[in-house]
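> 3D model of this:
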Amino acid sequence: MDPCEKEDQVTLNANGTWIYTDAGTVCTPSGNDNGTWSISGDVITSDGLVSGKVQLYDCNKLVCVTQNVIVPGDQVTQVLRKQ
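Reported below is the predicted structural model:
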């Protein structure tokens, strides 16, 4: 990740929309974005940043894992914390 991406925020709204806010040090160009998300069983999908199999959700932290993103056998783990 670039340093300007480390304090960015992703908001998952209850209505199935998400908002990505380029917070803190703003990247050039700004990374602000939005879209939709849904969950079925233990898999979250979106037209944006958050997707994968939910490994943990405890009302404060969401951990999603996606495999085979760039090359076969790789794994991306996303950790989102409630603010």
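> now this structure, which segments are flagged as low pLDDT?
By pLDDT under 70, the chain has no low-scoring segment.
> Would you state the helices of this protein in chain order?
Counting by DSSP state H, the chain has no helices to list.
> what about the strands in it?
Using DSSP state E, the strands of the chain run over 9-12, 17-21, 33-40, 43-46, 52-57, 61-67, 75-81.
> Distance to Pro3 and mean neighbour count for those strands - can I get that in JSON lines?
Quick note: C-beta positions are derived from backbone N, CA and C, even for glycine. As requested, the strands of the chain are exported to JSON lines (distance: least, C-beta to C-beta, whole Å; neighbours: other C-beta atoms under 10 Å):
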{"stretch": "strand 9-12", "distance to Pro3": "16", "mean neighbour count": "14"}
{"stretch": "strand 17-21", "distance to Pro3": "16", "mean neighbour count": "16"}
{"stretch": "strand 33-40", "distance to Pro3": "19", "mean neighbour count": "13"}
{"stretch": "strand 43-46", "distance to Pro3": "25", "mean neighbour count": "16"}
{"stretch": "strand 52-57", "distance to Pro3": "24", "mean neighbour count": "14"}
{"stretch": "strand 61-67", "distance to Pro3": "23", "mean neighbour count": "15"}
{"stretch": "strand 75-81", "distance to Pro3": "18", "mean neighbour count": "12"}
